[in-house]
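S.K.: Here is my input, please return the structure:
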Amino acid sequence: MKVAVVGATGMVGQVMLNVLAERNFPITELIPVASERSVGKKVTYKDKQFEIVSMQTAVDLKPEIAIFSAGGTTSLEWAPKFAEAGSFVIDNSSAWRMDPTKKLVVPEINAFELTKEDKIIANPNCSTIQLVMVLNPLHKKYNLKRVVVSTYQSVTGTGKAAVDQLNAETEAAVNGTDKGAIEKVYPYEIFKNALPQCDVFDDMDYTKEELKLMKEPKKIMSDDSFQLTATAVRVPVQGGHSESVNIEFENDFDLAEVKAILANTPGVVVMDDVANKVYPMPLYSEGKDEVFVGRIRKDPSQEKTLNCWIVADNLRRGAATNAVQIAEYLLENKLV
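M.R.: Okay, here's the model as predicted:
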């Protein structure tokens with residue numbers, strides 16, 4: 001099978017190649033795609049070198065699947081061209097997520113909605129994926145009423161330049177050198193800091209990241225009967241996003257049953273043994289494909305409400321792995 005990876009030189013693109021290799025996706029021809037300045041350079045896949053090609057060249061090669069991690073502007077321009085050439089496009093940007101004609105897919109939850117006509121498939125926001133993996137099975141049992149989520153997001157979610165900023169600021173602090181020359185992606189230092197701004201603000205003073213968390217779960221779960229609000233914070237962490245989540249249900253719940261439901265949900269791992277200091281952390285989630293949940297406890301301030309802590313590797317489970325799982329579903333169900 002011909003597979004194009006658009007944005008192959010970026011952080012998510014590189015992880016995408018790793019995940020495709022690890023999961024032995026049946027690629028007969030890999031087509032790495034990047035910006036014009038990268039054309040002719042090479043990327044490594046399964047210990048072999050592959051030359052990067054241009055967008056138009058990739059379209060002309062007519063891959064069966066094209067996985068995009070190249071930003072919204074690129075996706076809006078090029079995803080339809082790949083689709084017109086017959087490719088299934090799995091897009092990791094926000095470009096198509098809320099388009100009513102496009103499916104927004106977390107395979108464990110709603111891959112069954114996909115058909116041969118769905119040529120452009122949206123991959124959800126990284127923070128949304130780990131959130132709905134926990135919300136969905138609990139909603140089926142107890143019916144969600146309201147969700148309040150606060151995120152603690154890794155700099156890897158912003159990209160390589162943000163990682164470089166954090167590393168440079170850390171090195172400068174250790175060595176006592178001047179931080180003034182460090183190129184900044186964020187409006188402030190990220191080292192020893194927490195920025196309550198992920199992306200730009202809208203006219204209601206919510207950031208784009210917060211709006212994604214508030215809107216995308218309802219589309220994925222095909223249910224807008226519950227309310228959801230969010231605050232997204234960037235923290236000086238690499239390895240994964242963390243979320244503090246307060247969940248109010250319409251129906252009462254048994255805490256042991258909640259833990260059992262989550263423990264039996266494919267793709268979710270319960271780490272909840274506070275007596276032995278066992279709980280999810282980005283340090284533990286890095287490089288893994290599961291969603292980890294812990295600190296599961298009743299909220300004593302409100303009936304039918306619980307608190308929990310959700311962590312996942314945002315580059316893998318929150319991006320690359322989810323996209324590859326969609327590709328696997330297309331293949332396994334003979335849609336491609």
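S.K.: Over to residue 174: give its phi and psi.
M.R.: phi -70, psi -40 (degrees, to the nearest 10).
S.K.: List the contacts of it.
M.R.: Counting by CB atoms under 8 Å, 6 or more residues apart in numbering, residue 174 touches no other residue. Heads up, the C-betas are built off the backbone N, CA and C, glycines and all.
S.K.: Verify the stated contact: residue 18 with residue 324.
M.R.: No. Taking contacts as CB atoms under 8 Å, residue 18 lies outside contact range of residue 324: 9.9 Å.
S.K.: Between these two, which is the more surrounded one?
M.R.: residue 324 (26 against 19; other CB atoms under 10 Å).
S.K.: mind checking the SS state of that one?
M.R.: helix (DSSP: H, G, I helix; E, B strand; the rest coil).
S.K.: Quick check: it vs residue 293, distance?
M.R.: 22 Å (CB to CB, to the nearest Å).
S.K.: again with residue 50
M.R.: 37 Å.
S.K.: who has more neighbours, those two?
M.R.: Per other CB under 10 Å, whichever of residue 50 and residue 293 has more neighbours is residue 293, with 28 against 17.
S.K.: Show me the domain layout of the protein.
M.R.: With domains defined by automatic domain parsing, the chain comprises 2-124+319-332, 128-314.
S.K.: and the longest one, how far apart are its ends?
M.R.: Domain 128-314 stretches 10 Å from its first residue to its last (CA to CA, to the nearest Å).
S.K.: mean confidence for it?
M.R.: Mean per-residue pLDDT for domain 128-314: 97.
S.K.: Buried residues, stretch 138-152. List them.
M.R.: By neighbour count with 16 or more other CB atoms under 10 Å, stretch 138-152 contains the buried residues 138, 139, 142, 144, 145, 147, 148, 149, 150, 151, 152.
S.K.: Now the terminal residues of that stretch, how far apart.
M.R.: End to end - CA to CA - stretch 138-152 spans 22 Å.
S.K.: again with stretch 86-104
M.R.: OK, stretch 86-104 end separation, CA to CA: 20 Å.
S.K.: Mean confidence (pLDDT) on it, please.
M.R.: So the average pLDDT for stretch 86-104 ends up being 97.
S.K.: for the protein, what spans make up the helices?
M.R.: Residue ranges of the helices in the chain, as given by DSSP state H, are 11-22, 55-61, 72-84, 107-110, 126-142, 160-175, 208-220, 255-263, 282-285, 321-332.
S.K.: will you turn those helices into a markdown table that also has distance to residue 274?
M.R.: Below are the helices of the chain laid out as a markdown table (distance: least, CB to CB, whole Å):
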| stretch | distance to residue 274 |
| --- | --- |
| helix 11-22 | 31 |
| helix 55-61 | 50 |
| helix 72-84 | 40 |
| helix 107-110 | 27 |
| helix 126-142 | 18 |
| helix 160-175 | 29 |
| helix 208-220 | 26 |
| helix 255-263 | 12 |
| helix 282-285 | 15 |
| helix 321-332 | 28 |
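S.K.: what about the ones you listed, which gets the closest to residue 186?
M.R.: Closest to residue 186 of these, according to CB to CB: helix 160-175, at 6.6 Å.
S.K.: Return the distance of the closest one from the chain's centre.
M.R.: 24 Å (CA atoms, centre = their mean, to the nearest Å).
S.K.: and the angle from it to helix 11-22?
M.R.: 100 degrees (axes from the mean of the first three to the mean of the last three CA atoms, to 10 degrees).
S.K.: CA atoms of helix 160-175 as PDB?
M.R.: The C-alpha trace of helix 160-175 is given here as PDB (Å, rounded to 0.1, in the frame of the first residue of the first chain):
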ATOM      1  CA  LYS A 160      10.200  21.700  18.000                       C
ATOM      2  CA  ALA A 161      10.800  25.400  18.400                       C
ATOM      3  CA  ALA A 162       9.000  25.300  21.700                       C
ATOM      4  CA  VAL A 163      11.100  22.400  22.900                       C
ATOM      5  CA  ASP A 164      14.200  24.300  21.800                       C
ATOM      6  CA  GLN A 165      13.000  27.300  23.800                       C
ATOM      7  CA  LEU A 166      12.500  25.300  27.000                       C
ATOM      8  CA  ASN A 167      15.800  23.500  26.600                       C
ATOM      9  CA  ALA A 168      17.700  26.700  25.900                       C
ATOM     10  CA  GLU A 169      16.100  28.500  28.900                       C
ATOM     11  CA  THR A 170      16.900  25.500  31.200                       C
ATOM     12  CA  GLU A 171      20.500  25.400  30.000                       C
ATOM     13  CA  ALA A 172      20.900  29.200  30.500                       C
ATOM     14  CA  ALA A 173      19.500  28.900  34.000                       C
ATOM     15  CA  VAL A 174      21.900  26.100  34.900                       C
ATOM     16  CA  ASN A 175      24.900  27.900  33.400                       C
END
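S.K.: for stretch 326-334, what is the average pLDDT?
M.R.: Stretch 326-334 comes out at a mean pLDDT of 97.
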